[in-house]
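*Asks:* I'll drop the sequence and a predicted model, then ask my questions.
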Amino acid sequence: MPGLDRHAAPPRHARFVRVTHWLTAIAFVALLVSGVEVLVSHPRFYWGEVGNVNTAPLFSIPVPSSRGSVPTGYTFVLPDQNGWSRYLHFQAAWLALLTGLAYLIAGLRTGHFRRNLVPARPDRSWRAIGSSLVEHARLTRSAFGDPASYNALQRLSYLIVVFVLFPLVIWTGLAMAPAFTAVFPWSVTSLGGRQSARTLHFFVTIALVLFTLVHVLMVILAGFRPRVRAMITGAAETPP
């Protein structure tokens, strides 16, 4: 077609990557905010199928509760926001799940994972990963990755998030839903019980939050505007 540059460089990020990235970001923020509200209603964690105020917790989060019946050591309770928080958490979870499935299907169909996330053969060694980790710790420019590619540690981190942490947070979340476990009881029994699923859900969420904080920090240090623009428009730009 006239007016189009036939030799234009391909986009840094495919359209489906950009769309699912921002939808996942929205869902994750909603899940985190609503999850904190759900957490403060009972900031105690247990292991097994049953846990309540009459049983010893595995550990407790030192925050006040939004329910006076939960012993926390504080002399006051927070406003109860369980209504909207549980509703938002449920809706955001479905958005994250459907977006993740769309990303997985599109990534497999287009070869995105093999081309952009699976480390090249020379980068699969522990030495290469260790070297990349040292560069990240020193905050060197090479640690931020090429604007047109990912380094070994970035690829490995994204693979762990996509194929380990994200499925685990969805699985442990569904394992706490009575309607889901009534149809698929193995989803909760294989985790050790509903309270075990809740505890694992908490730890996987912490891992995802830590990944997100490091991810955002790397984007800021590498050049916030160019990297965010690339995730919006798809164009690869080298920061000044």
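*Replies:* Cool, got the structure. Numbers count the residues shown, from 1 in each chain.

*Asks:* What's the mean pLDDT across the strand or helix carrying Val19?
*Replies:* Val19 is located in helix 15-39, with elements delineated by DSSP states H and E. Mean per-residue pLDDT for helix 15-39: 95.

*Asks:* Please name every helix or strand in contact with the following helix or strand past that helix.
*Replies:* Per DSSP H and E, the first helix or strand lying C-terminal to helix 15-39 is strand 44-45. Using 3 or more CB pairs under 8 Å, 6 or more residues apart in numbering; DSSP states H and E, the elements in contact with strand 44-45 are strand 59-60, helix 194-233. Yep, even glycine has a C-beta here, placed from its N, CA and C like the rest.

*Asks:* before we move on, back to that, pull out the buried residues from the helix holding Val19.
*Replies:* Residues of helix 15-39 classed as buried: 16-18, 20, 23-24, 27-28, 30-31, 34-35, 37-39 (neighbour count, 16 or more other CB atoms under 10 Å).

*Asks:* from those residues, which is closest to Ala120?
*Replies:* Val17 (19.3 Å; CB to CB).

*Asks:* Enumerate every residue touching that closest one.
*Replies:* 103, 112 (CB atoms under 8 Å, 6 or more residues apart in numbering).

*Asks:* residue contacts, the closest residue to His42 other than its chain neighbours?
*Replies:* What sits nearest to His42 in space, not counting adjacent residues and going by CB to CB, 6 or more residues apart in numbering, is Val70, at 5.5 Å. Residues in contact with Val70 (CB under 8 Å, 6+ apart) are 41-44, 53.

*Asks:* do the same with Glu37
*Replies:* Shown in contact with Glu37 (CB under 8 Å, 6+ apart): 66, 81-82, 84-85.

*Asks:* Among those, name the ones in helices.
*Replies:* Judged by DSSP state H, the contacts of Glu37 include 82, 84-85 as members of helices.

*Asks:* Out of the residues you listed, who's the most crowded?
*Replies:* Neighbour counts for these (other CB atoms under 10 Å) peak at Ser85, which has 21 neighbours.

*Asks:* Grab the nearest non-local neighbour of that residue.
*Replies:* Nearest non-adjacent residue to Ser85 (CB to CB, 6+ apart): Glu37, at 3.4 Å.

*Asks:* Would you mind listing where the protein has pLDDT under the threshold?
*Replies:* 1-10, 121-149, 236-240 (pLDDT under 70).

*Asks:* go with 90
*Replies:* Under the criterion pLDDT under 90, the flagged ranges of the chain are 1-14, 66-69, 71-76, 78-83, 114-157, 214-215, 217-230, 232-240.

*Asks:* So for it, the centremost residue is which one?
*Replies:* Leu208 (4.2 Å; CA atoms, centre = their mean).
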